[in-house]
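Enquirer: after the sequence you'll find the predicted model.
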Amino acid sequence: MDRDVEPWDRFRDWLHCICVVTFDLELGQALEVIYPGDAILSNTEKINICYLAFPDSNSSDARDSNFHFRIRRAISDVRGCQRSFADKSPSSLPFDAHYLYGFVHFRQCKDPTIHRGYYQKSVVLMSVLPLFSLFYSVTARIAEHFFENGEAAIEAACHHIDTWQQPQVARTIELPLLGTLISCRLPAACDLPYEFRLDGHVELSDHRDAALRLFRPDFTSPIVAHCHHLQVNNWKLGIGNLPV
């Protein structure tokens with residue numbers, strides 16, 4: 001790390017903080033961990049994170065689930081690299097400095113030592129960057145290590161993220177995280193439609209398995225392949241020609 005880079009400076013280029021939310025029988029949902037410790041969250045933000053970190057369901061199934069939410073920020077300032085990223089990314093990317101995204105990995109499993117019989121806990125990554133594919137993958141990795149090794153895994157993950165280079169569009173960057181190396185390409189405004197996802201999803205590869213690539217399901221390409229048949233089909237159905 002460069003000598004002129006302050007601790008957690010690179011971490012904050014990507015994330016605001018990482019939280020662990022647990023279910024307490026007396027308090028309900030409660031923040032158990034906020035890392036780094038000097039991350040600033042208002043009382044309203046903490047309450048919202050606790051409330052939204054658990055699925056909106058009363059299911060008694062033992063399961064893991066992943067989802068995301070968005071909350072309004074108390075302070076809407078952004079870092080220089082984040083502003084540059086927003087300016088150069090596709091206009092369809094839902095970047096808004098007034099909001100934070102929470103990416104959640106929730107675990108519920110039976111535990112006879114707990115009064116209600118279930119262990120319920122969520123790992124939550126908070127970021128102003130709406131990079132869904134990337135942060136879903138990162139959250140899952142951190143949660144996997146956290147549930148095996150405890151809070152030390154959160155600290156280790158934060159230190160790894162603190163070595164990441166700044167987010168930049170239109171180039172492939174490699175991000176080390178807990179024994180893996182994530183390769184990702186952030187979408188750019190100059191990308192051709194249908195070649196890259198233009199809605200905040202990024203192309204990922206996990207170096208533990210070179211064949212593994214995570215994408216958002218592609219609903220557009222199958223439709224685009226048939227668009228040139230629309231006029232013919234409408235004419236056959238008697239609907240008339242589509243406007244050019």
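Expert: Cool, got the structure. If you're wondering where the values come from, they're calculated on a predicted model, not measured in any experiment. Numbers count the residues shown, from 1 in each chain.

Enquirer: avg pLDDT for the strand or helix carrying residue 143?
Expert: According to DSSP states H and E, residue 143 maps onto helix 132-149. Mean pLDDT, helix 132-149: 94.

Enquirer: in it, what's buried?
Expert: Neighbour-count burial for helix 132-149 flags 132-139, 141-147 (criterion: 16 or more other Cβ atoms under 10 Å). Every residue, glycine included, has its C-beta placed from N, CA and C.

Enquirer: do the same with stretch 17-26
Expert: Buried residues in stretch 17-26, counted by 16+ other Cβ under 10 Å: 17-23.

Enquirer: do stretch 23-43 as well
Expert: Within stretch 23-43, the residues scored as buried using 16+ other Cβ under 10 Å are 23, 29, 31, 33-36, 39, 41.

Enquirer: got the CA positions of it in CSV?
Expert: What follows is stretch 23-43, C-alpha atoms only, in CSV (Å, rounded to 0.1, in the frame of the first residue of the first chain):
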residue,chain,number,x,y,z
PHE,A,23,-32.0,-11.4,16.2
ASP,A,24,-32.1,-10.8,19.9
LEU,A,25,-35.1,-12.2,21.8
GLU,A,26,-35.4,-9.1,24.0
LEU,A,27,-34.3,-6.3,21.6
GLY,A,28,-35.4,-7.8,18.2
GLN,A,29,-33.0,-7.1,15.4
ALA,A,30,-29.8,-5.5,16.7
LEU,A,31,-26.5,-4.4,15.2
GLU,A,32,-23.8,-6.7,16.5
VAL,A,33,-20.8,-5.5,14.5
ILE,A,34,-20.0,-2.3,12.5
TYR,A,35,-16.7,-2.4,10.7
PRO,A,36,-14.5,-0.4,10.5
GLY,A,37,-15.3,0.9,13.9
ASP,A,38,-15.2,4.6,12.9
ALA,A,39,-17.8,4.2,10.2
ILE,A,40,-20.4,6.9,10.7
LEU,A,41,-24.1,5.8,10.7
SER,A,42,-26.9,7.9,12.0
ASN,A,43,-29.4,6.4,14.5
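
Enquirer: residues in contact with it?
Expert: Outside stretch 23-43, the residues within contact range by Cβ atoms under 8 Å, 6 or more residues apart in numbering are 8, 11, 16-22, 46, 49-51, 53-54, 74-75, 115-116, 120-121, 151, 154-155, 158.

Enquirer: now the buried members of those.
Expert: 8, 11, 16-22, 49-50, 53-54, 120-121, 154, 158.
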